[in-house]
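S.K.: no FASTA, just this:
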């Protein structure tokens, strides 16, 4: 099975809601997402992504099996970090462990490096999310260190890991 990334379409809202209405998926994401995640929530998100400045927000649907199975985005930072961007992603639980997110990460990084002035892409997965760390490592990201007591998720203070990929290293 292979995946591809593509621009969001409003018709993707149902698949998006299905993927995000899962606490196992949301437990690995930052707070702020509604639960359950509705089709209307998906439409609102897609509308925001389609309206975003394409030089600041690189947002894509992750597809496989002729449906949206996840989301991936690279978000430009500001000020002295203006050529640095943060990577975020998730995939529906039924597609975990198949290498699809590694493909999507590779595709989105290639797109951003080839179509912008971004020179560094970083990600900060929760330290307990070994699968996400492995995705980044398989996609060529380098582990830079652990951000100790860096977040509060589900009432627990947790560490995060810092990974980066440099345009010059590709």
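M.R.: Good, I have the coordinates. Only a predicted model underlies this, so the values are computations on that prediction, with no experimental measurement involved. Residues are numbered from 1 along each chain as shown.

S.K.: Please count neighbours and contacts with C-alpha atoms only from this point.
M.R.: Will do.

S.K.: Apart from its neighbours in sequence, what residue is nearest residue 143?
M.R.: In space, and not counting its chain neighbours, residue 143 is closest to residue 163: 4.5 Å by Cα to Cα, 6 or more residues apart in numbering.

S.K.: which helices and strands sit right next to whichever strand or helix holds that neighbour?
M.R.: Assigned by DSSP states H and E, residue 163 falls within strand 156-166. Contacts of strand 156-166 with other secondary structure elements, assessed using 3 or more Cα pairs under 8 Å, 6 or more residues apart in numbering; DSSP states H and E, are made with strand 120-123, strand 142-153.

S.K.: Burial-wise, tell me which of those comes out on top.
M.R.: Here the criterion is mean neighbour count by mean count of other Cα atoms under 10 Å, and of the helices and strands packed on strand 156-166 the winner is strand 120-123, at a mean of 22.

S.K.: Please name the strands paired to it in the sheet, noting orientation.
M.R.: Take DSSP bridges as the rule and strand 120-123 pairs in its sheet with strand 84-91 (parallel), strand 156-166 (antiparallel).

S.K.: The strand holding residue 163 vs strand 142-153, what angle?
M.R.: Here strand 156-166 runs at an angle of 150 degrees relative to strand 142-153 (axes from the mean of the first three to the mean of the last three Cα atoms, to 10 degrees).

S.K.: sorry, back to before: closest one to residue 65 among the strands paired with strand 120-123?
M.R.: Smallest distance to residue 65 across these (Cα to Cα): 13.1 Å, for strand 84-91.

S.K.: contacting residues around the closest one?
M.R.: Contacts of strand 84-91 with the rest of the structure, by Cα atoms under 8 Å, 6 or more residues apart in numbering, involve 19, 25, 29, 62, 69-77, 101, 118-123.
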